[in-house]
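> my questions are about this predicted structure, shown below with the sequence.
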Amino acid sequence: MVGNARKSSSAFARAENPPVDFGLLRRILYVALLIVLLILLWEGLKAFAASNDYALHIGDATVDLTIFNNMQLPHLSDIVKAFAEPAQRNGPPLYLTLVENAWFTLQSAVGGFLIGGFFGFLLAVLFAHSRLMQGGCLPFVVASQTVPLIALAPMIVIWFSRAGNSALSIPVIAAYLTFFPVTIYTLRGLTSVPTTAMELMQSYAANQWEIFTKLRLPNALPQLFTALKISATASVVGAIIGELPSGFQNGLGVTILNFSRYYNQSPPRLWATIAAAGLVGILFFLVIVLIERLVVRWQREDSE
Amino acid sequence: MSAVISIKNLTKKFRGSDGTLIHALENINLTIEEGEFVSLIGPSGCGKSTLLRIMADLIQPTSGSITVNKKTAAQARKDREYGFVFQSSTLYDWRTVIKNVQLPLEIMKWPKEKRDERAREMLGLVELGEFEDKYPWQLSGGMQQRVSIARALAFEPNILLMDEPFGALDEMTRERMNNELLRIWTAIPHMTVVFVTHSIAEAVYLSDHVVVLSPRPGRLAEIIDVNLPRPRGPETRDHEDYFRLTSQVRHALRTGIRDEVME
Ligand SMILES: Nc1ncnc2c1ncn2[C@@H]1O[C@H](COP(=O)(O)OP(=O)(O)OP(=O)(O)O)[C@@H](O)[C@H]1O
Ligand SMILES: [Mg+2]
């Protein structure tokens, strides 16, 4: 309890103990620890499989371990190295190619995220105010997500190229994945208003607009952001899927397709591209987390 | 004096989630005059909150009628005659304390400066001035309830409906808040207060009339007139009538329960 005695001279104490965000520090530490563990697991499994000649004999049974060989699961160091090496003879190093394509994909993803977010939100508002609309349309919204996007994507591409606007097809395909979580979570947030909170508004004879802006919407914000975080990563997946049938020569989706075609020549390239796609998703996710911190400021620090 | 709230043959039944009928209130007849302080007291579940909600036009009675200032309750609500203090504080999590107090003023289109001024004044009244920029979760339950009282008083409603506002407070704070409430009530002319409580002492100390409800279905067991002199203070609790009245309320509460058992 030595620290307590010092509290009286508060300016002094403050100078001595600059505010350190231990929460953030600890979180970074955990993530670093997790990455180290994953590396150990990856390389450990490979080493174990190699020392057993990629076959494990348990009694009479044999477990095939060839998925851990350098062809199926390259060394992490080889994947890292692949970033620096050119993908084509005399071409730029792979990481430059990836950055270029990731930028293209991110643009489509953000476009899809915005379109999907906007329409998802609009649908939620509509459903929140009309039971009829909700009952009639919500089943179709849910059903829409059971249609495999891979099957739908080529059709969307054809529609948009017929309409003379093929550049829009990728964001629209991404939007198809992103609007759904926004609709579901926002609807939940808009309608899960506590009875007394609503009665308070009624006791003031507040109109629908005031009830929406001062009660329903802020009440839905935490859930809306949960949806946006899901949508951010989903939009990257959607953009990558959308690129495949689009006929465009740019984007991580196209790159993944190319490298998987020539996988036998260099497995690490495909893995490097997958890592890049993951990074784009994480980046987008973190941006939303940042915005959430700025907007949803009223929550307890420990409520996450 | 003129009747502010006039309730005739009022009955309320709820349809429970399993389809059974819950008989909450049975044949209530009650008239509350302008400027009166009336307490509702009765065992838990007897329909006090329900009666208050019906007065505020938040729910509709099953049968019977209610008139507020010669209007329907719905019209009175539209005319913003009611300030309601809920059993739970019902603050909006996303608003700071001062913004919560300003909520009704925003809806009633007060200019920004007047809103700020009034909200500060009200927070001073409930002694929470320093907490204006805190969020509700940073306050204790009792403090939250005081904010909700400040919010209800901010626009000086004609009729203040309070549902166990001090239930969450310790005895000391409660007595102080009782005195504050009486002071505010006296300061705002013609303000009528309907006050739900579980505390016999509180009901007698504050009220002009104590309305005793019987257990479910809530019926008027007795109305006890409290003619203790005003302004009331610590000496009120030593007044000889104070003891007589508290035991009278206690007796009425017991009788209500006994009736129920005999049926
Ligand atoms: N919305 C509702 N739907 C169904 N039943 C209800 C509803 N509101 C209240 N009730 C029932 O009506 C009865 C009276 O409830 P009410 O909340 O008015 O009691 P109360 O006197 O305020 O009790 P307490 O002192 O515990 O707050 C209870 O049996 C309750 O279960
Ligand atoms: Mg109640």
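Happy to help now that I have it. Ligands and ions are numbered 1, 2, ... in the order given.

> residue contacts, the closest residue to ligand 1 within the stretch 101-250 of chain B?
Per Cβ to the nearest ligand atom, B:Arg216 is where the stretch 101-250 of chain B lies closest to ligand 1, at 5.5 Å. To be clear about C-beta, it is placed using only N, CA and C from the backbone, and glycine gets the same treatment. By Cβ atoms under 8 Å, 6 or more residues apart in numbering or on different chains, the contact set of B:Arg216 is B:22-24, B:45-47.

> distance check, A:Asn207 against A:Thr213.
With distances taken as Cβ to Cβ, to the nearest Å, A:Asn207 is found 10 Å from A:Thr213.

> quick revisit: so which of the contacts of B:Arg216 belong to strands?
B:22-24 (DSSP state E).

> dump the residues you listed to JSON lines, plus neighbour count, pLDDT and distance to ligand 1.
JSON lines is the format used below for the ones in strands among the contacts of B:Arg216 (neighbours: other Cβ atoms under 10 Å in any protein chain shown; pLDDT from 0 to 100; distance: Cβ to the nearest ligand atom, whole Å):
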{"residue": "B:Ile22", "neighbour count": "14", "pLDDT": "90", "distance to ligand 1": "5"}
{"residue": "B:His23", "neighbour count": "14", "pLDDT": "91", "distance to ligand 1": "8"}
{"residue": "B:Ala24", "neighbour count": "23", "pLDDT": "92", "distance to ligand 1": "4"}
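
> for the stretch 51-200 of chain A, which residues are neighbours of chain B?
For the stretch 51-200 of chain A, the residues in contact with chain B (Cβ under 8 Å from any Cβ of the partner chain) are A:194, A:196-197, A:199-200.

> can I have the buried ones of the residues you listed as a ChimeraX selection?
The ChimeraX selection below is limited to those of these classed as buried (16 or more other Cβ atoms under 10 Å in any protein chain shown):
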select /A:196,197,199,200
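
> ok, the residues of the stretch 51-200 of chain A next to chain B vs A:Pro148, which is closest?
Using Cβ to Cβ, A:Pro194 comes nearest to A:Pro148 of these, at 39.1 Å.

> for the closest residue to B:Arg15 other than its chain neighbours, give its distance to A:Gln107.
Using Cβ to Cβ, 6 or more residues apart in numbering or on different chains and skipping the chain neighbours, the partner closest in space to B:Arg15 is B:Leu21 (6.4 Å). Note on B:Leu21: its distance to A:Gln107, by Cβ to Cβ, is 61 Å.

> which one of the two is surrounded by more residues?
A count of neighbours by other Cβ atoms under 10 Å in any protein chain shown puts A:Gln107 above the other of B:Leu21 and A:Gln107, at 15 against 10.

> gap between the more buried one and A:Leu98?
15 Å.

> flag the shaky bits of chain A, pLDDT-wise.
Counting by pLDDT under 70, chain A contains low-confidence ranges at A:1-21, A:301-304.

> which strands and helices lie in contact with whichever helix in it runs longest?
If you go by DSSP state H, chain A has its longest helix at helix A:94-129. Contact here means 3 or more Cβ pairs under 8 Å, 6 or more residues apart in numbering or on different chains; DSSP states H and E; on that basis helix A:94-129 packs against helix A:76-84, helix A:131-144, helix A:169-191, helix A:217-243, helix A:252-261, helix A:267-295.

> quick one: buried residues of the fifth one?
By neighbour count, with 16+ other Cβ under 10 Å as the criterion, the buried positions of helix A:252-261 are A:252-256, A:258-259.

> likewise for the last one?
Across helix A:267-295, burial judged by 16+ other Cβ under 10 Å covers A:267-277, A:280-281, A:284-285, A:288, A:292.

> got the angle for it vs helix A:94-129?
Compare the direction of helix A:267-295 with that of helix A:94-129 by axes from the mean of the first three to the mean of the last three Cα atoms, to 10 degrees and you get 40 degrees.

> near chain B, anything from helix A:267-295?
No: on the criterion Cβ under 8 Å from any Cβ, helix A:267-295 is out of touch with chain B, staying 9.8 Å away.

> just how off-centre is that helix within its chain?
Computed by Cα atoms, centre = their mean, to the nearest Å, the chain-centroid distance of helix A:267-295 equals 7 Å.

> what does the shortest one give?
Remark: helix A:76-84 is offset 24 Å from the chain centroid, using Cα atoms, centre = their mean.

> now what about stretch A:213-227, what contacts it?
Under the criterion Cβ under 8 Å, 6+ apart, residues A:120-121, A:124, A:128, A:181-182, A:184-186, A:188-193, A:197-198, A:201, A:206, A:288, A:291-292, A:295-296, A:299, B:92, B:94-95, B:103, B:106-107 lie in contact with stretch A:213-227.
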